[in-house]
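Colleague: sequence and predicted structure, then a few things I'm wondering about:
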Amino acid sequence: MFTLIMLFQMRIHSRRFQRDQRRSSDYFFNYFTLGLDILFDAITHRAKKFILHSNYPGHYHFNIYCRCDFKIPIPNCCNTTEGEKLTEPDTPFITPFTKWNEIQPYLVPLKKPVVLNRASTINTTNPFGSTFCYGVENMIVEVMSNNHIASVTIYTPRPANSNPDLLS
């Protein structure tokens, strides 16, 4: 047993062992002044997620991020005939000032909302309360208890037949 442990310890320090280890820790770039976070894939170094912050007062991240001035059109919100396009004033958008109850009729959440209760590492309570995360069509919309949108996470869905442990 002692020999096996010693052998493994020696293997850890070899260059081949370090080279064979997969680098699978995705990483964030945080742009506080832009109100934006980007999650990159550790292997391909491509963006996987964008988190857009509204910097609304009463949110846990208020005044950590500046407000991101996003304008996201709601896809497939209205039934139009083929070839007919909606004009920009008719298309509903998600902005930092949009309330959830204004856009909820256009979006169909995939499941019940996930309750997100952030706790500080110093203080175990969050004075702002919980938020609700709704998963809708390649987005996660974080909604505060007063119906204001706290953040929008846009992501690329992983193909159903892909294995996250294997390279694609």
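Modeller: Nice, thanks for sending it over. Numbering: from 1, shown residues only.

Colleague: so which residues of this protein form strands?
Modeller: Remark: strands assigned in the chain by DSSP state E are 27-31, 36-40, 47-53, 72-73, 93-94, 114-116, 131-136, 139-143, 149-155.

Colleague: in CSV, list those strands along with mean pLDDT.
Modeller: Below are those laid out as CSV (pLDDT from 0 to 100):
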stretch, mean pLDDT
strand 27-31, 90
strand 36-40, 92
strand 47-53, 93
strand 72-73, 90
strand 93-94, 90
strand 114-116, 83
strand 131-136, 88
strand 139-143, 91
strand 149-155, 91
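
Colleague: of all those strands, which one comes closest to residue 107?
Modeller: With respect to residue 107, and counting by CB to CB, the nearest of these is strand 131-136 at 4.4 Å. No exception for glycine: its C-beta is placed from N, CA and C like everyone else's.

Colleague: partner strands of that closest one, with direction?
Modeller: With DSSP bridges as the test, strand 131-136 is paired with strand 114-116 (antiparallel), strand 139-143 (antiparallel).

Colleague: from those strands, which stretch is densest packed?
Modeller: When neighbours are counted by mean count of other CB atoms under 10 Å, the highest per-stretch mean among those falls to strand 139-143, a mean of 21.

Colleague: one step back: export the strands of the chain as TSV, with columns for distance to residue 106.
Modeller: Output for the strands of the chain, formatted as TSV (distance: least, CB to CB, whole Å):
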stretch	distance to residue 106
strand 27-31	28
strand 36-40	24
strand 47-53	18
strand 72-73	10
strand 93-94	9
strand 114-116	20
strand 131-136	9
strand 139-143	12
strand 149-155	13
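
Colleague: residue 105: which of the ones you listed is closest?
Modeller: In terms of CB to CB, the element of the strands of the chain nearest to residue 105 is strand 131-136, at 12.0 Å.

Colleague: okay, and the helix or strand of the chain with the least pLDDT?
Modeller: Across the helices and strands of the chain, mean confidence by mean pLDDT, DSSP states H and E is lowest for helix 2-12: a mean of 47.

Colleague: for residue 42, give its distance to residue 49.
Modeller: In this view, residue 42 and residue 49 are 13 Å apart by CB to CB, to the nearest Å.

Colleague: these two: who's more crowded?
Modeller: More crowded of residue 42 and residue 49, by other CB atoms under 10 Å: residue 49, with 16 against 12.
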